[in-house]
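S.K.: Quick one, what's the 3D model for this:
(2 chains)
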Amino acid sequence: MLNLDINGRRVTVRKGTTLLAACREAGFEVPTLCHHEALEPYGACRLCVVEVREPGRAKSRIVTACNYPAKAGLQVETDSEAVTETRREVLDLLLARCPASPEIRKLAAAQGIHRSSYPPDQNRDNCILCGLCVRICDHLGYSAISQAGRGPAREIAPPLKQPPPDCVGCGSCARICPTGNIPMVERNGMRRIWDRDFEMVKCSQCGRAFITKEYMASRVKDSGLPESHFELCDECSRVQTAKTMYAHMVPASPAAKGVTP
Amino acid sequence: MTRMLTVTPTRCIGCRTCEVACAFRHAEQGVPGRSRVQVRNVDRDVWVPILCLQCDEAACVKACPVFALWRDQDTGAIVVKEDRCIRCNACVPACPFGNLAVEHPKQAVIKCDICGGDPACAQFCPTQALEYREY
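M.R.: Numbering: from 1, shown residues only, chains lettered A, B, ... in the order given. Predicted coordinates for the structure are as follows:
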């Protein structure tokens, strides 16, 4: 355990905690876009900046809280003038890159920025290159997408911009994207993502599609669960459970007909 | 002393008070959440409240690729860490009892967490069909 000061308050955290976790634990809000609890800190969005002063040093500096480890005696400011100024600049740039993104606009508006001071980029989509989609795909072990291009041309794309062969269509990238920039459409028991169509598993009773066949096969392989677990959708499982439970308690009831407890 | 949330379907009258109690206990910013306990009609006048059984070898925990589900050592309940959940929804069909669901619009997975050791459903059930008992 080690002690540090956040906004003048003494906080005790475990060794190895990041500043972001320490701040949030202490109840201080730090905005983030590229951070996710399931993934390693990355420090791409630069929104989680805080001001730190190390013990024995006169000058303070600005660091990203998500990947900065908490140290004993550290003095942290989450809302100082330098922090607000840096955060405003970051949001100003993000707003110039993605002027149409509602999420970025909301964050910028919270800092009082309604219009970027840089010329807005009208031809770009809402990707902020935070890398969450790429990182979650790598973490799950599929690595179907990656960063492509350099400098201003950098973007997130599947290999050779073709439908990715390693993708299982789990949809995690689309749902984790902070600006909702990855299109995923479900129609007629098919899911389309990264220009590839995936056939989905349908509930054997009601026919509702809920997971792609490829993702189910992958989860079955990794978890050791039998494939029969993925036959019914949650609602049909619920009704099935209700019937089985009742039949178990009152075997003579009409509800128990045709159900093996 | 271990406490367990038990279901006695023969006592259930289908009033759905548990669903309301659950939705209000899990309310966020004044908006009731989706109920973690679901009452289902099996036959005429036969109702069964369905909620997580907190399995020893839980399929949802096995199905999760990012360890966002784990057992809370204090209450014995399997809890979802929403920050860790990547919304892949693998756990929802994996549960053979249908006790996980997706809460729109956040798309986060929800399940019974025994309200951290004080289940609202058992507290408000008028017929003790749901009980939080000591064993």
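S.K.: going forward, measure contacts and count neighbours with C-alpha atoms only.
M.R.: Noted.
S.K.: Now the stretch 51-200 of chain A against chain B: closest residue?
M.R.: A:Ser172 (5.1 Å; CA to the nearest CA).
S.K.: how deep is that residue tucked in, by neighbour count?
M.R.: 18 (other CA atoms under 10 Å in any protein chain shown).
S.K.: how about the nearest residue to it, chain neighbours excluded?
M.R.: Closest residue in space to A:Ser172, ignoring its immediate chain neighbours: B:Cys88 at 5.1 Å, by CA to CA, 6 or more residues apart in numbering or on different chains.
S.K.: ok, how many other residues are close to residue 37?
M.R.: In the absence of a named chain, chain A is used. Residues near A:Glu37, counting by other CA under 10 Å: 15.
S.K.: please go with chain B instead
M.R.: Around B:Val37 there are 22 other residues, counting by other CA under 10 Å.
S.K.: do A:Lys221 as well
M.R.: Using other CA under 10 Å, A:Lys221 is surrounded by 12 other residues.
S.K.: And the residue lying closest to A:Ile113 once chain neighbours are set aside, which helix or strand is it part of?
M.R.: In space, and not counting its chain neighbours, A:Ile113 is closest to A:Asp92: 7.1 Å by CA to CA, 6+ apart. Secondary structure from DSSP states H and E places A:Asp92 in helix A:81-97.
S.K.: That helix - contacts with which helices or strands?
M.R.: strand A:49-53, helix A:102-110 (3 or more CA pairs under 8 Å, 6 or more residues apart in numbering or on different chains; DSSP states H and E).
S.K.: For A:Glu25, give its distance to chain B.
M.R.: 13 Å (CA to the nearest CA, to the nearest Å).
S.K.: How much space separates that residue from A:Val11?
M.R.: Note on A:Glu25: its distance to A:Val11, by CA to CA, to the nearest Å, is 9 Å.
S.K.: Get me the contact residues on chain B for chain A.
M.R.: Counting by CA under 8 Å from any CA of the partner chain, the residues of chain B close to chain A are B:9-10, B:40-43, B:46-50, B:59, B:62-63, B:65-68, B:83-90, B:92-101.
S.K.: Please flag which of these sit within helices.
M.R.: The helices, defined by DSSP state H, take in B:59, B:62-63, B:92-94 from those.
S.K.: Who wins on neighbours among those residues?
M.R.: Most neighbours among those, by other CA under 10 Å: B:Ala94, with 32 neighbours.
S.K.: hey, where'd the strands end up in chain B?
M.R.: Using DSSP state E, the strands of chain B run over B:3-7, B:38-43, B:46-50, B:69-71, B:78-80, B:101-103, B:108-110, B:130-134.
S.K.: quick one: strands adjacent to the first one?
M.R.: Looking back up the chat, that one is strand B:3-7. Here strand B:3-7 is paired, per DSSP bridges, with strand B:130-134 (antiparallel).
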